[in-house]
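S.K.: Kindly generate the corresponding structure for this input.
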Amino acid sequence: MKNPLRLLSLCTLFVVLGIQAQDKGFVPPFDFPLTFSGNFGEIRANHFHGGLDFKTGGVSGKPVRALADGYVSRIRVTHGSGYVLHVTYKNGYTTINRHLSAFVGEMARRVENLQYEEESWEVDITPAPDEYPVHAGQVMALSGNTGYSFGPHLHLDFIEDKTGDSVDPLPFFRKYVKDHTAPRAQGIMLFPQAGKGAVNGKQTPQSFPLKPGKPVTAWGWVGIGIRAYDYMEGVSNKYGVHTVVLEVDSQEVFRSVVDRFSDEENRYINSWTYGQYMKSFIDPGNRLRLLHASNGQRGLVLIDEERPYRFVYTLSDALGNTSKVSFTVQGKRMEVKPVQHREKYILHWDRVNVLQEPGLYLAIPKGMLYEDAYLDYAVRADSGDIALTYRLNGTNIPLHSYCDMSIGLRRMPVADSTKYYVAGINRRGKKYYVGGHYEDGQMKVRIRELGTYTVAIDTAPPVLTPVNPKNWGRTGRIVLKARDKETGVYSYRGTIDGHYALFGKPNSIQGNLVCELSHARIEKGKRHRLEMTVTDACGNQTTEWYDFTW
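M.R.: This next block holds a predicted model:
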């Protein structure tokens, strides 16, 4: 009776949470049926997806409504999230509406005036609580595709005011959502612990199908992981799984409940996940609150008997739909080799780590590593290089925050020190901009992952290309494509007839610089001259002039 009671308790919990959420009295942000392209807590690069992505039928301009009575507490325009509206409600929550196409009424005029006053596309306004009150159902903005967005949608974050935590918005809209589809597993991964475990005779992580063709054998300490997704009827999207429970021989050893997290916890996702697999154990340096181990061993399993070990996963979504998957691991005695690694290149998760090599200095404060790191350190010296190339580790190891690193220069072929930058090198050998500044013969930089680094030079200015300039006057829209191959476009400024013109980057995926002439504050029916200056991260500039009639 143990398992049915646990399942009943879990379902009861979902019902209670749903009732509590609906008691807050939120109405939907749209007046059409709700469907989602992304849910709360989905696995993303270096972070959890912090809210719900509402589908808007593939178009922008849908009216976005207030969820309850409250007030607009912040108005922003950013390259990352586009047009953004924060709304604080009287029931203890603040929502953040991202990727909007426009604000409405006085808010729209205020934003545009500030953009011209500060000569910046990106602005940030904090109104007083009595300036922009809202009521449930009131239209506040229009949905869009601005910022770092791959298609029209509304991203909606829910922030709990008393804690500052991001919380799952879905239970608040429970009665408006049709979902009777349970999560489904797609694969299992076993993680033999370094020097303490082995799986099928190997001591590296190994993935398996849900029904492996051959028995899976293991010995010693192992961790388990699962790749699984949630689904909803009527759409083809796949979502993150709200709750994962792992039992071994009918005893719960681990539980993850993706219902809330803080900004400071976001990068712990790099410790909890391995690609798209969710670990069912906790690395020693992982402080993510949504993970719970109940066996006193961080969720790790000791396989020390030659017998079958039965593993059962229970997967649940935020609305209580539940599925199960089970598999067996056969305990089989096998050799477990101790870790043999040069101590200098072992970084310990529970202490300060300093790595010093000729031309390299790296300091990692305590709390930056999630587990001990065994570096496969190497250095490469090619004739003519500005600096040595340092491979801290072949596979990038994420750190929880930034750490200081410096790389010495071997030579300086360019006198201007601002043209040098620290470059990361990916697995394909391609360089990418990291940053840094020159000081006393070294490039100093802050890094958030242990990978491969060197120093490079950027003296090439960005390239500006007009997009369909013959149509600018007809469409009332100036579009320029700005590209920089090395360090990226850092800033831009445009003028029309010598006066500041409001150019922005409405969609950061496309990256085009756009000026809507209806907002350009220039006289219509005349010939005008546009001047655009684009600067990269090393200070290289390009200025181009274009004539057009509007």
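S.K.: Now find how far off-centre the strand ranked longest in the chain is within its chain.
M.R.: The longest strand of the chain (DSSP state E) is strand 184-199. On the basis of CA atoms, centre = their mean, to the nearest Å, strand 184-199 is displaced by 25 Å from the centre of the chain it belongs to.
S.K.: now could you export just the CA positions of that strand as CSV?
M.R.: Output of strand 184-199 as CSV, limited to C-alpha atoms (Å, rounded to 0.1, in the frame of the first residue of the first chain):
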residue,chain,number,x,y,z
ARG,A,184,6.9,10.8,-20.8
ALA,A,185,10.5,9.5,-20.3
GLN,A,186,12.8,9.0,-23.2
GLY,A,187,16.0,7.7,-21.7
ILE,A,188,18.1,6.8,-18.6
MET,A,189,21.7,7.7,-17.7
LEU,A,190,23.9,6.2,-15.1
PHE,A,191,26.7,8.2,-13.5
PRO,A,192,29.4,6.1,-11.8
GLN,A,193,31.1,8.2,-9.2
ALA,A,194,34.8,9.0,-9.8
GLY,A,195,36.9,6.3,-8.2
LYS,A,196,33.8,4.8,-6.4
GLY,A,197,31.7,3.1,-9.0
ALA,A,198,31.5,1.5,-12.4
VAL,A,199,28.7,0.7,-15.0
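S.K.: Can you tell me what sits against the helix or strand just after it?
M.R.: Next along the chain after strand 184-199, taking DSSP states H and E as the criterion, comes strand 206-208. Identification of contacts with strand 206-208 by CB atoms under 8 Å, 6 or more residues apart in numbering yields 187, 188, 189, 190, 199, 200, 216, 227, 277, 327. In this view, the C-beta of every residue, glycine as well, is placed from N, C-alpha and C.
S.K.: what about the nearest residue to residue 408 once chain neighbours are set aside, how many residues close to it?
M.R.: Distances taken as CB to CB, 6 or more residues apart in numbering place residue 359 nearest to residue 408, at 3.8 Å, with adjacent residues excluded. Residue 359: 18 surrounding residues under other CB atoms under 10 Å.
S.K.: Residue 245 too?
M.R.: Residue 245 has 23 neighbours, counted by other CB under 10 Å.
S.K.: what's the nearest residue to it if we skip its chain neighbours?
M.R.: Per CB to CB, 6+ apart, closest to residue 245 is residue 314, 4.3 Å.
S.K.: go on, residue 190?
M.R.: Per CB to CB, 6+ apart, closest to residue 190 is residue 199, 4.6 Å.
S.K.: That neighbour and residue 212 touch, don't they?
M.R.: No. Counting by CB atoms under 8 Å, residue 199 stays clear of residue 212, with 11.6 Å between them.
S.K.: out of these two, which sits in the busier spot?
M.R.: For residue 199 versus residue 212, the count of surrounding residues by other CB under 10 Å is larger for residue 199: 23 against 15.
S.K.: List the residues that contact that one.
M.R.: 190, 192, 206, 216, 217, 218, 222.
S.K.: what about it, distance to residue 486?
M.R.: Using CB to CB, to the nearest Å, residue 199 is found at 43 Å from residue 486.
S.K.: So which bits of stretch 538-547 are buried?
M.R.: Buried positions in stretch 538-547, judged by neighbour count with 16 or more other CB atoms under 10 Å: 538, 540, 542, 544, 546.
S.K.: and those residues as a markdown table, adding pLDDT?
M.R.: Shown next, in a markdown table, are these (pLDDT from 0 to 100):
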| residue | pLDDT |
| --- | --- |
| 538 | 98 |
| 540 | 98 |
| 542 | 98 |
| 544 | 98 |
| 546 | 98 |
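S.K.: about what we covered before: for the contacts of strand 206-208, which two are the farthest from each other?
M.R.: Spatial extent of these (CB to CB) is set by the pair 200 and 227 at 18.6 Å.
S.K.: which one is residue 479 nearest to, not counting chain neighbours?
M.R.: residue 467 (4.0 Å).
S.K.: what distance separates the start and the end of stretch 78-93?
M.R.: 23 Å (CA to CA, to the nearest Å).
S.K.: Next, the buried residues of it.
M.R.: So, applying 16+ other CB under 10 Å, buried residues of stretch 78-93: 78, 79, 81, 82, 83, 84, 85, 86, 87, 88, 89, 93.
S.K.: tell me which of those is nearest to residue 241?
M.R.: residue 93 (23.8 Å).
S.K.: tell me the contacts of that closest one?
M.R.: Neighbour list for residue 93: 24, 158, 159, 160, 161, 167 [criterion: CB under 8 Å, 6+ apart].
S.K.: who does it bridge with?
M.R.: Beta-bridge pairing for residue 93 (DSSP bridges): residue 160.
S.K.: Distance-wise, check it relative to residue 26.
M.R.: Taken as CB to CB, the span from residue 93 to residue 26 is 8 Å.
S.K.: next one: residue 135
M.R.: Residue 135 is 13 Å from residue 26, by CB to CB.
S.K.: Which one's more surrounded, the two?
M.R.: For residue 135 versus residue 26, neighbours defined as other CB under 10 Å are more numerous around residue 26 (22 against 10).
S.K.: isn't the more buried one right up against residue 65?
M.R.: No. Applying CB under 8 Å, one finds residue 26 not in contact with residue 65, separated by 10.5 Å.
S.K.: Torsion angles phi and psi at residue 338?
M.R.: Per-residue torsions, residue 338: phi -70, psi 160 (degrees, to the nearest 10).
S.K.: Was I right to think it contacts residue 193?
M.R.: No. Taking contacts as CB under 8 Å, residue 338 lies outside contact range of residue 193: 11.7 Å.
S.K.: what sits against residue 57?
M.R.: Counted by CB under 8 Å, 6+ apart, residue 57 has contacts 32, 152.
S.K.: The chain: helices as residue ranges?
M.R.: Using DSSP state H, the helices of the chain run over 2-22, 106-118, 269-272, 472-475.
S.K.: Least reliable of those by average pLDDT, please.
M.R.: If these are sorted by mean pLDDT, helix 2-22 sits at the bottom with a mean of 43.
S.K.: as a whole number, average confidence for stretch 366-381?
M.R.: Rounded mean pLDDT across stretch 366-381 is 97.
S.K.: when you give positions from now on, start the count at 48
M.R.: Sounds good: first residue 48 from here, last item stretch 413-428.
S.K.: Pull out the buried residues from it.
M.R.: 415, 416, 417, 418, 419, 420, 421, 422, 424.
S.K.: Same check on stretch 80-98?
M.R.: 81-90, 94-98.
S.K.: just stretch 230-237 next, same as before
M.R.: Under the neighbour-count criterion of 16+ other CB under 10 Å, stretch 230-237 has 230, 232, 235, 236, 237 buried.
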